[in-house]
Each structure stands twice: as structure tokens, then as C-alpha cells.
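>>> quick one: sequence and predicted model below, then my questions.
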Amino acid sequence: MGRAYFRGLSSALRNWRFAVLVFVIGLLCALAFMACSWIWLASALDSSLATRTLLTSLDANVFIDLRRHHDDEFGLLVMVAAILAVGGGLLSIWVNAAVLAAVSGLHDTMSAAFRAGAASYFQHLKLWLGSMTSYVAVGVVAFIAGKALTRAAAGSPDELTYYWIIGGCACAALAVAGVIATVHDHARIRCVATNDTGGRAALWACGYVLRQRSPMALTLALACTTIAVAALYQLGADAMPANSGIGLSLSLVWAQLFMAVRSTLRVWSFAAATDLQGTDIV
């Protein structure tokens with residue numbers, strides 16, 4: 001597992017162009033939503049003080065007022081956001097498939113990797129839909145279990161019982177979600193390596209993840225790395241108050257740097273899982 005972790009980082013650095021591409025796509029999606037939001041704000045609030053001050057001060061009261069007094073327009077903005085999110089998700093499936101094709105070593109150029117990603121797009125789409133359905137099912141089960149357990153423990157004299165139940169259900173849901181994410185990644189890698197169908201690749205990945213300890217250990221190591229990067233970003237963000245033009249500019253630059261590192265982490269995780277799967281199979 002340790003060798004795959006560091007070899008994945010080396011592979012991600014060699015495939016830096018894909019990390020840049022993932023970053024650019026995420027940035028474009030964010031800019032598209034920001035443009036739609038600003039157009040809507042200018043229409044709903046006209047040239048009011050709130051519109052002029054939102055750029056330097058994200059006042060939550062403004063958004064609460066928008067929700068209460070501009071409900072119809074707010075629903076339209078939510079619909080636009082949903083459309084952009086779905087479009088970005090469908091595009092990311094292709095990009096992820098291309099990244100997997102590149103880090104597998106089967107395709108040397110970006111164009112070849114994207115052609116391979118397009119060829120296996122529907123298999124990756126099926127796997128993505130399956131994983132999203134699984135996440136929703138896990139969330140629903142955790143919610144129902146939490147509600148049932150809190151009702152059953154309503155007469156408990158311990159004030160912390162409620163929080164223990166909610167925390168336990170949340171931790172269990174996160175653990176299962178981690179397994180689903182690991183299975184999803186290795187199923188996608190299997191699709192790229194063997195051209196298996198989505199269903200066959202998912203079944204193989206389930207068996208692989210449940211039989212071996214290294215896939216979950218690698219997922220945990222990469223998750224800890226992501227948490228450490230996020231904590232470092234938050235420490236830096238807290239030191240940059242966005243109450244002035246300079247502070248806001250520094251905050252935006254710091255946020256974009258964080259997003260660039262996250263894009264590299266995505267390529268890193270794919271490369272590490274690909275190396276681990278190839279090593280275990282061999």
C-alpha cells in the first residue's frame with residue numbers, strides 16, 4: 001500500500017496536464033454559476049446596497065432576505081445550479097475516465113486517453129449512477145436508523161445518548177460510503193484495464209475490496225492526506241479576512257491554489273489505486 005501511495009504521487013506529477021485540466025473544468029463550472037448568480041442578483045436586487053457590498057462582504061442576511069422575498073426567482077437560480085451541476089458531473093465522468101486511461105500507462109497522449117475515456121463512457125456512467133444510488137440508500141438507512149434509535153432511547157437519563165446515536169450513525173454511514181467509493185474507483189480501473197462491462201467490473205471490485213485490506217488502507221491514507229490539505233487551507237483562509245479588496249483577492253487566490261491541489265489529489269488517488277490493483281493482480 002505504501003509503495004502504491006508514493007508511486008501514485010509520482011504518476012500524478014508526470015500527468016500534471018490532467019491535474020490542470022481537472023482544475024480548469026472545475027473553475028469554469030464555478031465561474032458559470034457565479035455569472036448566473038450575479039446576473040440574477042443584479043436583476044432581483046437591481047442596484048441596491050446589498051448588491052454592491054456582497055463582493056466584499058458575504059452577508060448571510062442578504063441571502064435569507066432573497067429566500068423570503070424573492071422565492072420565485074430564487075427557485076429559478078436553484079434550477080440553474082442543478083443544471084450546471086448535472087452538466088459538470090456528466091463531463092467529469094469523461095474526464096475521470098480519461099485520467100484513468102492515462103495513469104494506467106495504456107495511452108501516452110491526452111488525445112488517446114480522451115478517446116479511450118469516450119469509448120468506455122457509458123460503462124463509467126453506469127458505475128457512477130450505481131454509486132450515487134448507493135450513497136443515497138446509505139444516507140436514508142442511516143437517517144431511519146438514527147430516528148428509530150433516538151425514539152427508543154427517548155427515556156434515557158443520559159443527556160449524551162442522543163449525540164452518541166447520531167454520531168454513531170454518521171460514522172457508520174461514512175465508513176460504508178468509504179467502501180462504496182473504493183469499490184467505485186477500482187471498478188472504473190477494471191473497466192479501463194479489461195474493457196469489462198460496468199456490472200462485471202463492479203462485482204469484481206466488490207470482491208477485490210472485501211478480500212484485500214490494502215484498498216481500504218490506501219483510501220484511508222489518501223483521505224487523511226486530503227483532510228490535512230483542507231486543514232492547512234482553512235488555517236490560511238482564517239488568516240486572510242475578506243473584508244477588503246486586498247483581503248478578498250488573497251482569499252480567492254488561496255482558494256484557487258487549494259482547488260489546484262485538490263485536482264492533483266484526484267489524479268494522485270486514481271494513479272495510486274491503479275498501481276495497487278496492478279500490483280495485487282500480478
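Cool, the structure landed.

>>> now the helices for the protein?
2-14, 16-45, 49-53, 60-69, 71-103, 110-119, 121-152, 161-194, 198-211, 214-238, 245-281 (DSSP state H).

>>> please convert those helices to JSON lines, extending it with mean neighbour count and mean pLDDT.
To be clear about C-beta, it is placed using only N, CA and C from the backbone, and glycine gets the same treatment. Below are the helices of the chain laid out as JSON lines (neighbours: other Cβ atoms under 10 Å; pLDDT from 0 to 100):
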{"stretch": "helix 2-14", "mean neighbour count": "17", "mean pLDDT": "85"}
{"stretch": "helix 16-45", "mean neighbour count": "16", "mean pLDDT": "77"}
{"stretch": "helix 49-53", "mean neighbour count": "13", "mean pLDDT": "56"}
{"stretch": "helix 60-69", "mean neighbour count": "12", "mean pLDDT": "65"}
{"stretch": "helix 71-103", "mean neighbour count": "17", "mean pLDDT": "79"}
{"stretch": "helix 110-119", "mean neighbour count": "16", "mean pLDDT": "86"}
{"stretch": "helix 121-152", "mean neighbour count": "15", "mean pLDDT": "92"}
{"stretch": "helix 161-194", "mean neighbour count": "18", "mean pLDDT": "91"}
{"stretch": "helix 198-211", "mean neighbour count": "17", "mean pLDDT": "89"}
{"stretch": "helix 214-238", "mean neighbour count": "15", "mean pLDDT": "89"}
{"stretch": "helix 245-281", "mean neighbour count": "18", "mean pLDDT": "82"}
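
>>> measure Phe122 to Thr197 for me?
In this view, Phe122 and Thr197 are 10 Å apart by Cβ to Cβ, to the nearest Å.

>>> got it, and Thr264?
With distances taken as Cβ to Cβ, Thr264 is found 31 Å from Thr197.

>>> contacts for stretch 167-184?
For stretch 167-184, contacts defined as Cβ atoms under 8 Å, 6 or more residues apart in numbering pick out 127-128, 130-131, 134-135, 138-139, 141-143, 145-146, 149, 202, 205-206, 209, 215-216, 219-220, 223, 273.

>>> and that stretch, how far out from the chain's middle?
14 Å (Cα atoms, centre = their mean, to the nearest Å).

>>> got it, and stretch 102-114?
What separates the centre of stretch 102-114 from the centre of its chain is 23 Å, taken as Cα atoms, centre = their mean.

>>> for it, measure first residue to last.
Distance across stretch 102-114, first residue to last, is 9 Å (Cα to Cα, to the nearest Å).

>>> contacts for it next, please.
Here stretch 102-114 makes contact (Cβ under 8 Å, 6+ apart) with 11-12, 15, 17-18, 21, 94, 98-99, 101, 115-116, 189, 192-193, 267, 270-271, 274.

>>> surely Cys191 touches Ser120?
Yes - the pair Cys191 / Ser120 is scored as a contact, 5.4 Å apart, by Cβ atoms under 8 Å.

>>> separation between the residue of the chain most remote from its centre and Tyr163?
Each residue of the chain has a distance to the centre, and by Cα atoms, centre = their mean the biggest one is for Pro157: 39.8 Å. Separation of Pro157 from Tyr163 (Cβ to Cβ): 14 Å.

>>> ok, now Ala239?
Distance of Ala239 to Tyr163, computed by Cβ to Cβ: 31 Å.

>>> go on, Arg213?
Using Cβ to Cβ, Arg213 is found at 31 Å from Tyr163.

>>> same question for Ala142.
Ala142 is 15 Å from Tyr163, by Cβ to Cβ.

>>> quick one: contacts for Ile166?
So Ile166 contacts 146, 150 (Cβ under 8 Å, 6+ apart).

>>> now do it against Ala271, distance only.
Relative to Ala271, Ile166 is positioned 36 Å away (Cβ to Cβ).

>>> check Gly87 too.
Gly87 is 26 Å from Ala271, by Cβ to Cβ.

>>> hang on, isn't Ala97 packed against His124?
Yes - with contact defined as Cβ under 8 Å, Ala97 reaches His124; the gap is 4.8 Å.

>>> identify the contacts common to the two.
Common neighbours of Ala97 and His124 (Cβ under 8 Å, 6+ apart) are 117, 188.
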